[in-house]
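Participant: Predicted model follows, preceded by the sequence.
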Amino acid sequence: MNLTLHVWRQRNGSDGGSFVTYEARDVSPDMSFLEMLDVVNEGLILRGDDPIAFDYDCREGICGACGFMVNGRAHGPEKATTVCQLHMRHFSDGDVLTLEPWRAAAFPVVKDLIVDRSAFDRIVAAGGYISVNAGSAPEAHSVPVPKDDADRAFEAAACIGCGACVAACPNGSAMLFAAAKVTHLALVPQGQPERYARVMAMVAQHDAEAFGNCTNIGECEAACPKEISLDTIRQLNGDLLRGTLKRRKRQASTVSG
Amino acid sequence: MASVTARVPSEKWREGNGTPPSNAPAGPVEERWDRHRFELKLVNPANRRRYHVIVVGTGLAGGAAAATLGELGYNVSSFCYQDSARRAHSIAAQGGINAAKNYRNDGDSIFRLFHDTVKGGDFRARESNVYRLAQISVEIIDQCVAQGVPFAREYGGLLDTRSFGGAQVARTFYARGQTGQQLLLGAYQALERQVQAGTVRCYTRHEMLELVVVDGRARGIVTRDMVTGEIEVHTADAVVLATGGYGNVFYLSTNAKGCNTTAIWRAHRKGALFGNPCFTQIHPTCIPVSGDYQSKLTLMSESLRNDGRVWVPKTMGDSRSSEQIPEDERDYYLERRYPSFGNLVPRDVASRAAKNVCDQGRGVGPGSLGVYLDFGDAISRLGASVIGERYGNLFDMYERITGDDPYKVPMRIYPAIHYTMGGLWVDYDLQSTIPGLFVVGEANFSDHGANRLGASALMQGLADGYFVLPNTLANYLASSTGLAPVGVDAPECREAVAQVGERIERLLSINGSRTVDAFHKELGLLMWDHCGMARNEPGLLKALDRIPELRAEFWDDVRVSGANEELNQSLEKAGRVADFFELAELMCVDALHRRESCGGHFREESQTEDGEALRDDEQYAYVAAWEFTGAGKAPVLHKEPLSFEYVHPTQRSYK
């Protein structure tokens, strides 16, 4: 099949950027979307043009490196599929595809389809962990974890940090990303001691970055390639409320005491 | 059987004086690590922040090492080429992590895990290291659970385990099919905690392009900022390489696209010996190549072989679709050749058998490079819902990639390069032959011998990072008093920066007619054909003739677009492929010199009458550690003899 691609080209963060049109010829239905772009890029290099820059690494849908908008949809049209696992058999001859980077204030464009997602690392650094130094752990079986909790924790922990949720959100919010980690760690007994401090620190960092607020639209859940549930945001909000109340109570008792 | 040599192959390498001592302790094997740890010197907690350590790579080994060194109070710089430390390829490991917890009461023990690993490695690993690995495995699970890693659990709330890769005990802990992801996120979170604490600084999108050696010690690295192109020097008191394996020398592998050999190869060029480079592992159950645009191969968990039956048509060139081939015209070749293990023979045996039937012209699918893995019998016996529960996510993944529904038609699978047991030679302290240069995880050669068991890669990465390196590195720092600070304008730094700059300039100025990928694909195919699943002398000699020619063509005719001072993926790839060319030659020399079959290294000249791998312990019970003498020049072979006091060498049999 042959396709027409309108691709966002931007040399670097300070360049303005614009769409450039390319033809992708003889595309095999068995190619992945990124392999289709590889072939386009080989052609660009041979004719002396700059190849289209896009992030990728594992190409198995687990590292979270890849991702861009295909016709306005994060990772393209297939549900629960990263763009590296999207195959060309889902497209038809003559299709016109518009490829754009994640558009969000907190994800500045680095080049073409590549954005800077380091804000995610800073949200995790703010508190997305359990503080346990290597070597200090108790025997693994000393604390049983109900299977249901472990399974739900796993489902939240499956987030790959690709940023599709932010790109899909009309507010550019990263609440699903933060909530996935908050939920994972709130559901296991080991995560309890820091549970409320964690959620408050992570949300504070989220807000300090250029992410927008969550207004429960739900586009994030629909775009998430790992199907992280919107319920995680409910968990985050509940914990944030409890954390805030606990802090007020503590402050009040300090003042009165 | 291949014929006698056409040429004297020894012109391809020279014999050296042996490796430095391995520093593996003597005495009862179960006491060695404890005693050694006691003998290691310590760094006073108050002094640790004065030591600066560079850790390159943020996978399980590097992420765990950087986080742990930060927790201990060292001043750590962590580097990765990805945009975040969370993306290293450890994340893609599916199956699980082994640990000798014996929670099942099924006869497992530290000694049994040690025994299985030495034997599984086909007696080409150091007993002391492997025993330590088995000991530490127990602590790893404790650590990861405390970090909140959501391992699979039973209804009673305790950890679930399964048997993996032919082990007779259930010692593999797992988190669905995403164990690597969950363990890596645990290490990444521990790392980010140290970033917040101010002990670790992360340099993402930074690629190490050179090692800085001052007075014979590793004292820094040269990196390229992959966004701006800036070439930077970072100096330190010690350097840790945790940069993974080099399977991408074959172009197609299950590795992430960015995995490369540059960090360890640059260190090798600066004097670090390279151990057993030809020991590569091929995984039998990957999705076959569908066309020449193929950019990588995807692994399907080998647990599929528990219920799937492997077959090909009995007749050559049978182009009928699978359902048109009647039962009596199918060859279930694993069940036929290995009646007791059947479809569950180890990875190397299953891979070679698939290659054999495809070489006979009985392969299926595009290019006839595939075999069927058929769930028809299992579905009619157990029902589609049971099979769906067991393998649903794998079936979905297969269908997403191939467009075929494995509930209806057999899967097509083919072996692919998956892991490299070889890597930089290290002693018991994980220190390379360059003092101050430590190598952890897949990047080193240790622990797995000639073949790695399933679910052992994650175990080794975390053992090295959380528990071994932090002790042995302290000993190095405490023993190396008076490490004078190295300034970024030291002559050695300036020289390393100049070398990197010249190389980049050279790559950018060739402006030839072929892309980097085109060269990489040609090299990969050459390696797959001659240094892949089966190797023989004429083939290896042929590859050794062709690689230097191809390397020369690369340096003469490659086209790298753009400039250095920008994000330039074409330039990144070019530097990596240039190093793969040199490594490829060393792999072929190593494979040529080792005229025995062992583990993942199958020399056609060394097989039993039944076509099974035949080891030669008389001549080859050693680690081959290679010294670099110049690109295209004969490397020097240093041997580290291996002795087996506890696990006595036997020939494997799966009949």
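Facilitator: Cool, the structure landed. Numbering: from 1, shown residues only, chains lettered A, B, ... in the order given.
Participant: Would you mind pulling the contact partners of stretch B:159-172?
Facilitator: Residues from elsewhere that reach stretch B:159-172 (Cβ atoms under 8 Å, 6 or more residues apart in numbering or on different chains): A:140-141, B:95-104, B:106-108, B:112-113, B:116, B:141, B:145, B:151-154, B:173-174, B:302-303, B:341, B:344-347, B:453-455. For the C-beta atoms, the positions are set from N, CA and C on the backbone; glycine is no exception.
Participant: and A:Ala180, how many neighbours does it have?
Facilitator: By the criterion of other Cβ atoms under 10 Å in any protein chain shown, A:Ala180 has 27 neighbours.
Participant: name the element it belongs to?
Facilitator: helix A:175-186 (DSSP states H and E).
Participant: what about the residue of the stretch 51-200 of chain A found nearest chain B, how many neighbours?
Facilitator: Residue nearest to chain B within the stretch 51-200 of chain A: A:Pro144 (2.9 Å; Cβ to the nearest Cβ). When neighbours are counted by other Cβ under 10 Å, A:Pro144 registers 14.
Participant: can you give me the strands for the stretch 351-500 of chain B?
Facilitator: B:371-374, B:411-420, B:423-424, B:437-439 (DSSP state E, counting those that start in this stretch).
Participant: Kindly reformat these as a markdown table containing mean pLDDT.
Facilitator: As requested, these are exported to a markdown table (pLDDT from 0 to 100):
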| stretch | mean pLDDT |
| --- | --- |
| strand B:371-374 | 97 |
| strand B:411-420 | 96 |
| strand B:423-424 | 98 |
| strand B:437-439 | 98 |
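Participant: those strands in chain A, which residues are they?
Facilitator: A:3-9, A:18-24, A:69-70, A:73-74, A:96-100, A:109-111, A:114-115 (DSSP state E).
Participant: Outside of the last one itself, list whatever touches it.
Facilitator: Contacts to strand A:114-115, defined as Cβ under 8 Å, 6+ apart, come from residues A:Ala53, A:Phe54, A:Asp55, A:Pro101, A:Trp102, A:Ala104, A:Phe107, A:Pro108, A:Val109, A:Gly163, B:Asp83, B:Leu567.
Participant: Out of those residues, who's the most crowded?
Facilitator: Counting neighbours by other Cβ under 10 Å, the top entry in the contacts of strand A:114-115 is A:Asp55, with 29 neighbours.
Participant: Enumerate every residue touching that residue.
Facilitator: Contacts of A:Asp55 by Cβ under 8 Å, 6+ apart are A:Ala65, A:Cys66, A:Gly67, A:Leu113, A:Ile114, B:Asp83.
Participant: returning to that earlier point: the strands of the stretch 351-500 of chain B: which one's closest to B:Ser90?
Facilitator: strand B:411-420 (11.6 Å; Cβ to Cβ).
Participant: near chain A at all, that closest one?
Facilitator: No: using Cβ under 8 Å from any Cβ of the partner chain, we find that strand B:411-420 stays clear of chain A, coming within 12.0 Å at best.
Participant: Give the other helices and strands that that strand contacts.
Facilitator: Counting contacts by 3 or more Cβ pairs under 8 Å, 6 or more residues apart in numbering or on different chains; DSSP states H and E, strand B:411-420 packs against strand B:280-286, helix B:347-359, strand B:371-374.
Participant: Return the most buried member of those.
Facilitator: Greatest average neighbour count among those goes to strand B:280-286 (a mean of 26), per mean count of other Cβ atoms under 10 Å in any protein chain shown.
Participant: What mean pLDDT does that strand get?
Facilitator: Mean pLDDT, strand B:280-286: 95.
Participant: start to end distance for stretch B:313-320?
Facilitator: In stretch B:313-320, first residue to last residue: 9 Å (Cα to Cα, to the nearest Å).
Participant: ok, now which ones touch the residue in the stretch 151-300 of chain B positioned nearest to chain A?
Facilitator: For the stretch 151-300 of chain B, the residue closest to chain A is B:Gly157, as judged by Cβ to the nearest Cβ, at 2.9 Å. Counting by Cβ under 8 Å, 6+ apart, B:Gly157 touches A:Pro144, A:Val145, A:Pro146, A:Lys147, A:Ala150.
Participant: again with B:Ala190
Facilitator: So B:Ala190 contacts A:Tyr129, A:Val132, A:Ala134, B:Gly63, B:Ala64, B:Ala67, B:Thr68, B:Glu71, B:Gln147 (Cβ under 8 Å, 6+ apart).
Participant: Ok, B:Ser78 next?
Facilitator: B:Ser78 touches B:Val55, B:Thr58, B:Gly62, B:Gly63, B:Ala66, B:Ala85, B:Leu191, B:Val200, B:Arg201, B:Cys202, B:Tyr203, counting by Cβ under 8 Å, 6+ apart.
Participant: thinking again about what came up before, now the contacts of A:Asp55 in JSON lines, please, with extra columns for pLDDT.
Facilitator: Listed next are those as JSON lines, based on pLDDT from 0 to 100:
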{"residue": "A:Ala65", "pLDDT": "98"}
{"residue": "A:Cys66", "pLDDT": "98"}
{"residue": "A:Gly67", "pLDDT": "98"}
{"residue": "A:Leu113", "pLDDT": "98"}
{"residue": "A:Ile114", "pLDDT": "98"}
{"residue": "B:Asp83", "pLDDT": "98"}
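Participant: And the residue of the stretch 51-200 of chain A closest to chain B, its phi and psi?
Facilitator: phi -70, psi 150 (degrees, to the nearest 10).
Participant: Just the pLDDT for the residue of the stretch 151-300 of chain B closest to chain A.
Facilitator: B:Gly157 is given a pLDDT of 97.
Participant: Provide the backbone phi and psi angles at it.
Facilitator: Torsion angles, degrees, to the nearest 10, at B:Gly157: phi 90, psi 0.
Participant: what is the orientation angle of the longest helix along chain A with helix A:175-186?
Facilitator: Looking across chain A with DSSP state H, the single longest helix is helix A:231-256. Angle of helix A:231-256 versus helix A:175-186, following axes from the mean of the first three to the mean of the last three Cα atoms, to 10 degrees, is 70 degrees.
Participant: Establish whether helix A:231-256 and chain B are in contact.
Facilitator: No: Helix A:231-256 is not in contact with chain B by Cβ under 8 Å from any Cβ; minimum separation 13.7 Å.
Participant: Which strands and helices lie in contact with that helix?
Facilitator: Helix A:231-256 packs on helix A:175-186, helix A:195-208, going by 3+ Cβ pairs under 8 Å, 6+ apart.
Participant: So for it, what gets flagged as buried?
Facilitator: Using 16 or more other Cβ atoms under 10 Å in any protein chain shown as the test for burial, helix A:231-256 gives A:Thr232, A:Ile233, A:Gln235, A:Leu236, A:Asn237, A:Asp239, A:Leu240, A:Gly243.
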